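Student: show me how the following folds:
(one chain, ligands or ions: 2)
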Amino acid sequence: MKVTIVGAGAVGASCAEYVAIKNFASEVVLLDIKEGVAEGKAMDLMQTATLNGFDTKLTGSTNDYSKTAGSDVAVITSGIPRKPGMTREELIGINAGIVKEVSSKLIEHSPDVILIVVSNPMDTMTYLVHKTTKLPKNRIIGMGGALDSARFKYRISEALECPPSDVDGMVIGGHSDTGMVPLTRLATRNSVPVTKFLSEERLNQVSEDTKVGGATLTKLLGTSAWYAPGAAVSGLVQAIACDQKKMFPCSALLEGEYGLNDLCIGVPAILGKDGLEEIVEIELDEAEKNKMKESAEGVKKTNSLLEF
Ligand SMILES: NC(=O)c1ccc[n+]([C@@H]2O[C@H](COP(=O)([O-])OP(=O)(O)OC[C@H]3O[C@@H](n4cnc5c(N)ncnc54)[C@H](O)[C@@H]3O)[C@@H](O)[C@H]2O)c1
Ligand SMILES: O=C(O)C[C@H](O)C(=O)O
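Tutor: Ligands and ions are numbered 1, 2, ... in the order given. Down below sits the predicted model:
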């Protein structure tokens, strides 16, 4: 199993580290345009192999895509991150060109590759990759919901004063400060609905904190987060590499599912060796359906700024 990560910045390197530590891939190639950076990060990570006990071979490349040839999965983390006070949508001008070029080069060298899009605004970048590469829809997956759900579970555990591992829950919708739809109605602590333990007001606070999870960290760090994003991407890569048939909320191209068409947005999906193998349609209540509709309108508004 060969994994390529384009963009050896904060998220790309974090993802490479988690993939290596989980020890399921034979090879990880990091590629970046900055001279020597991908090679340096790959070497630094390789020097953790004996310390962390993994056999994954990490190499780096300065913009030489021949080194990525034959990749099974490729992650796109190239592009600029936001600064405090910015929205993800403001990154479209620079990132669209980068994501379009990177995805086309990846496919040129790995025609069977499954692409995971991370660069922001992620739902719109995923849609752009669908529109410009025309790969089958199962082979282009946007990562956002897995991260947002991890933040949601963290916020619930904080409210319940319990370990995050006690909590289950999911965030669907767009990966944006206003577009996320945290499904508080379905969240549980060891299969007991969290609505049994938390007031509506506290759950609303949990939802609001979840939606601005990325912005909160950006304000604290001066740039956007990387540990949880890297871990979330590595989870998707592993589900595909190990054919796990695991369910994650992913940004998928919708063709009628959830009453939506012609956009990529976060919905529950099963990931396995063929990439995004199935979109799972769960029953939403009226309020959730309305939030999903509003979220889709926001994503479409950003998509309308794309030039193909
Ligand atoms: N979807 C998500 O949940 C999520 C989470 C975190 C970050 N992000 C996004 O991921 C992107 C990367 O974030 P980061 O914090 O790692 O940024 P970063 O600046 O640390 O790293 C980005 C890297 O991309 C490289 N790059 C730029 N253009 C390139 C090109 N054409 N080819 C190859 N490499 C190129 C840069 O040299 C840099 O090393 C941002 O757009 C950010 O908003 C998304
Ligand atoms: O917040 C950001 O801009 C980066 C990323 O989308 C995140 O949610 O951490």
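
Student: pLDDT score for the residue nearest the centre of the chain?
Tutor: In the chain, the residue lying closest to the centroid (Cα atoms, centre = their mean) is M143, at 1.8 Å. Looking at M143, its pLDDT reads 99.

Student: that one against P249, yeah?
Tutor: No: M143 sits out of contact with P249 when judged by Cβ atoms under 8 Å, with a separation of 9.6 Å. Where C-beta positions appear, they are placed from N, C-alpha and C, glycine not excepted.

Student: tell me which residue of the stretch 1-150 of the chain lies closest to ligand 2.
Tutor: Relative to ligand 2, the nearest point of the stretch 1-150 of the chain is R82 (4.4 Å; Cβ to the nearest ligand atom).

Student: also the stretch 201-308 of the chain?
Tutor: Going by Cβ to the nearest ligand atom, ligand 2 is nearest to G214 of the stretch 201-308 of the chain, at 2.3 Å.

Student: and the nearest residue to that residue once chain neighbours are set aside, what are its phi and psi?
Tutor: Leaving aside its chain neighbours, G214 sits nearest to S224 (6.0 Å; criterion: Cβ to Cβ, 6 or more residues apart in numbering). Backbone dihedrals for S224, given as degrees, to the nearest 10, come out at phi -80, psi 170.

Student: name the residues that touch the helix or strand containing G12?
Tutor: G12 is located in helix 10-22, with elements delineated by DSSP states H and E. Surrounding helix 10-22, the residues in contact under the criterion Cβ atoms under 8 Å, 6 or more residues apart in numbering are 3, 5-6, 8, 25, 28, 30, 32, 41-42, 45, 48-49, 52, 54, 56, 58, 75, 77-78, 81, 118, 223-224, 226-227, 229-231, 233-234, 237-238.

Student: buried members of the residues you listed into PyMOL, please.
Tutor: This is the PyMOL syntax for the buried subset of the contacts of helix 10-22, where burial follows 16 or more other Cβ atoms under 10 Å:
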select buried, resi 3+5+6+8+25+28+30+32+41+42+45+49+54+56+58+75+77+78+81+118+224+226+229+230+231+233+234+237+238
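
Student: so E89 touches T302, yeah?
Tutor: Yes: contact criterion Cβ under 8 Å: E89 and T302 qualify, at 5.1 Å.

Student: please enumerate the shared neighbours of these two.
Tutor: Going by Cβ under 8 Å, 6+ apart, residues that sit against E89 and also against T302 are 121, 124.

Student: can you map out the strands along this structure?
Tutor: Per DSSP state E, the chain carries strands over the ranges 2-6, 27-32, 57-62, 73-76, 114-117, 140-142, 167-168, 171-173, 180-182, 188-189, 192-193, 246-255, 261-272, 275-279.

Student: give the contact list for the residue of the stretch 1-150 of the chain closest to ligand 2.
Tutor: With Cβ under 8 Å, 6+ apart as the criterion, the residues that contact R82 are 88, 90-91, 120, 218, 223-224.

Student: what does Y258 give?
Tutor: Y258 makes contact with 267, 281, 284, 292, according to Cβ under 8 Å, 6+ apart.

Student: quick one, what contacts the nearest residue to V37 once chain neighbours are set aside?
Tutor: The shortest distance from V37 to any residue other than its chain neighbours is 5.5 Å, reached at A8 (Cβ to Cβ, 6+ apart). With contacts taken as Cβ under 8 Å, 6+ apart, A8 has the following neighbours: 16, 30-32, 34, 37-38, 41-42, 60.

Student: with distance to E257 and pLDDT added, can I get the residues you listed in a markdown table?
Tutor: A markdown table is the format used below for the contacts of A8 (distance: Cβ to Cβ, whole Å; pLDDT from 0 to 100):
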| residue | distance to E257 | pLDDT |
| --- | --- | --- |
| A16 | 32 | 98 |
| L30 | 34 | 99 |
| L31 | 33 | 99 |
| D32 | 35 | 99 |
| K34 | 39 | 98 |
| V37 | 39 | 98 |
| A38 | 37 | 98 |
| K41 | 38 | 98 |
| A42 | 39 | 98 |
| G60 | 39 | 98 |
